[in-house]
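S.K.: Pasting a predicted model and its sequence here:
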Amino acid sequence: MKLLSLFLSSLLAVSAVAADRPNILWLTSEDHGPHMGCYGDTYADTPNVDALAAKGMLFKHAWSCAPVCAAARTTIITGMYSPSTGGEHMRSMVAMPKGTKMYPQFLREAGYYCTNNSKEDYNLQKPEGVWDESSGKASWKNRKDGQPFFAIFNETCSHESQLRKRPHVAIHDPAKVRVPAYHPDTPEVRQDWAQYYDQVTLADASAGRRLKEIEEAGLAEDTIVFYYADHGSGMPRNKRWPCNSGLQVPMVVYFPPKWKHLAPKEYGAGVKSDRLVSFVDLAPTLLSLIGVQPPEWMQGHAFAGKFQTELQSYVYGFRGRMDERYDCVRSVTDGRFVYLRNYMPHLSQGQHVNYQFETPSTRVWRQLYDAGKLTPEQSIFWKVPKDPEELYDLQSDPDEVHNLASRPEHADTLAKMRAAQEGLALKIRDAGMVSEGEMHHRPEGTTPYDMAHDDKLYPLARIVKAAGAASSMKPDAIADLKAGFADKDSAIRYWSAMGILMRGKDGVEAARQELTAAARDSSTYVAVVANWALAKYGNDYDRPAALTKLVNLANWSEHDVFTSMSALNAIGDLGDKAKPAAEQLKALPAKGESPDGRFSGYVARLLGDLRGEKVAGGDAEGAPEPNKKARKKGKK
């Protein structure tokens, strides 16, 4: 009798929770922007999401924060910007900040059955107890009777890998596709864009099937639905680049009448909201929907539910390491203007990321650039150096190809956006303002997030100032950069070396003495940059020694994987100046310890590029668990 009483009490508790809280369904898809009918795209064929938007609402200005999958999902799962946790770099696998949780843990504690079907792909080490089930079989159907659910169904058919898969049965006519101003109008580009639209149509059909399942189960009036994609399209200059084309995603929400009181304030059938939202807002919004106040450490803003916040003035994006290639970019939009701060302007947007070059459009685009057959707008992607700052007006320039940053009439807008970007970096304690290896090693037993909140370990204001001076490309910054080589903090020395490298031959001639000393710096990350500068822009005496040192630093058996990757990227940038090291490069190991199994192929790909060999691999999952030994070899 006692057991029966306990069983009935449990059922009543579950029923009470179910009556008090909505089911929540997330339908997500990979690698596609707002190329859908509900967003005004007449070339698209997306009837299911269009119908959802007609009875629900869409956000006109939704940003994914990151233009690549793992970094974007890392932002979602924590409700924190990935640069604040150290999770901005692909497969970096850093530890979760102390005292934090992934959002499904909050939902499960509130009685929800939480499922993920099926991709996880975070750049953070996942704690225990995140999901009730996370697999290709996970479904809300497996919950207890009456238990409220939170369920994700992630559609992969629109992924970058599928827009270039051949043979292919066409749905859209390539002749009718709109080619953006940054792409050359070639048969390959038209084919890839048309096939991308085909895959978006398939993703839409998948969403339709999931919605039908909910309807047939009689749950439609109890289920809040979100549809969104994980970042911009898989086409080059969309995926991996943190401008609007890489970050803007479709985001459609539907609140049944029963739960309309939880909807955004501007919600209504067919409404197109001007509210600025981004992925960092999703976790606090979920907690708000179930009546749980988001913790203070979450950096996003709830846009629905009991704890809904006021409208935000900006949303933010970022770019760190993309597979085997390094970069550091931060971006901001107010819905009209898009601002990008390139902290490494000496690196092209179109760095040779192996996986990106598997797309025919990328290869033909590069070939036409090398042949001098592109327009100025089409050449921006490959140009070196990049502009230190970029400013685009989406109203007059939706393809973001006319940089307004140097225009006097936009000086106030530029200053406002720059202040917003730097303000966020200081507010969230951006841990990505140092080299990746430094970010892993500097914490001294804590996490990158917790390290970044200790000003003694991480003097962020000084580091941001040094990075800004280095990347400004202003000649009058050289004196401060030279002085920075004597700083006790290796991050300041790193940015001083970077700033001299960015200024080319003039910079090296002005700071040869400081660079020569920095080439032997106790920080291998500083030493890589100093030797890179000397090998590329130094004199006949500098170059041989610097190249030899870079090859030694690239040896994975002697240094950590971050040093090895940094050195190999530097050697790759030398072009013909690296030829004297060809035999030495052949002897370097392509295997070693790394933070994650999916990370392990990066060194092999860099070596393959240098040796003229093709090495397969890219944006994939299913690799072994992280190897934590990789972090033990770093030098401060």
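M.R.: That came in fine, so what should we check first?

S.K.: pLDDT weak spots in the chain?
M.R.: Along the chain, the model assigns pLDDT under 70 to residues 1-19, 615-636.

S.K.: how about a cut-off of 80?
M.R.: 1-19, 614-636 (pLDDT under 80).

S.K.: Can you tell me how far the spatially most central residue of it is from residue 113?
M.R.: Most central in the chain under CA atoms, centre = their mean is residue 66, positioned 2.8 Å from the mean C-alpha point. Distance, residue 66 to residue 113, by CB to CB, to the nearest Å: 28 Å. Using the backbone N, CA and C atoms, a C-beta is placed for each residue, glycine as well.

S.K.: one step back: surely the residue nearest to the centre of the chain is in contact with residue 81?
M.R.: No - assessed by CB atoms under 8 Å, residue 66 is found out of contact with residue 81, at 9.0 Å.

S.K.: Overlap of the contact sets of the two?
M.R.: 75, 318 (CB atoms under 8 Å, 6 or more residues apart in numbering).

S.K.: all strands of the stretch 451-600 of the chain, in order?
M.R.: For the stretch 451-600 of the chain, no strands are identified by DSSP state E, counting those that start in this stretch.

S.K.: Could I get the full set of helices for it?
M.R.: Using DSSP state H, counting those that start in this stretch, the helices of the stretch 451-600 of the chain run over 460-471, 478-484, 490-502, 504-510, 512-518, 524-537, 542-553, 561-573, 582-586.

S.K.: Output those helices as CSV; include the columns distance to residue 325 and mean neighbour count.
M.R.: Output for the helices of the stretch 451-600 of the chain, formatted as CSV (distance: least, CB to CB, whole Å; neighbours: other CB atoms under 10 Å):
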stretch, distance to residue 325, mean neighbour count
helix 460-471, 17, 20
helix 478-484, 24, 18
helix 490-502, 16, 27
helix 504-510, 20, 16
helix 512-518, 23, 19
helix 524-537, 14, 28
helix 542-553, 17, 20
helix 561-573, 7, 25
helix 582-586, 18, 13
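
S.K.: So which of those helices is nearest residue 142?
M.R.: Residue 142 sits nearest to helix 561-573 of all the helices of the stretch 451-600 of the chain, at 39.4 Å, using CB to CB.

S.K.: which helices and strands does the closest one pack with?
M.R.: For helix 561-573, the contact count by 3 or more CB pairs under 8 Å, 6 or more residues apart in numbering; DSSP states H and E identifies helix 436-441, helix 524-537, helix 542-553, helix 601-611 as packing neighbours.

S.K.: can you list the domains in this structure?
M.R.: 2-315, 331-412, 433-633 (automatic domain parsing).

S.K.: Can you name the secondary structure element that comes next after the helix or strand containing residue 84?
M.R.: Assigned by DSSP states H and E, residue 84 belongs to helix 82-85. Next along the chain after helix 82-85, taking DSSP H and E as the criterion, comes helix 103-109.

S.K.: could you dump that next one to CSV, C-alpha only?
M.R.: C-alpha atoms of helix 103-109 as CSV (Å, rounded to 0.1, in the frame of the first residue of the first chain):
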residue,chain,number,x,y,z
TYR,A,103,21.3,24.5,-19.4
PRO,A,104,19.7,21.0,-19.7
GLN,A,105,20.8,20.4,-16.1
PHE,A,106,18.6,23.2,-14.9
LEU,A,107,15.7,21.8,-16.9
ARG,A,108,16.1,18.3,-15.6
GLU,A,109,16.3,19.6,-12.0
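
S.K.: Check which helices and strands it is in contact with.
M.R.: helix 69-78, strand 113-117, helix 282-289.

S.K.: residues of that helix that come out buried?
M.R.: 103-108 (16 or more other CB atoms under 10 Å).

S.K.: just those residues now: which is nearest residue 368?
M.R.: residue 103 (44.5 Å).

S.K.: Am I right that that closest one is in contact with residue 74?
M.R.: No - with contact defined as CB under 8 Å, residue 103 does not reach residue 74; the gap is 12.0 Å.

S.K.: report the angle between the axes of the host helix or strand of residue 152 and helix 282-289?
M.R.: Using DSSP H and E, residue 152 falls within strand 149-155. If you take axes from the mean of the first three to the mean of the last three CA atoms, to 10 degrees, strand 149-155 sits at 150 degrees to helix 282-289.

S.K.: still on that earlier bit, so what's the residue nearest to the centre of the chain up against?
M.R.: 72, 74-75, 82, 88, 231, 242, 247, 279, 317-319.
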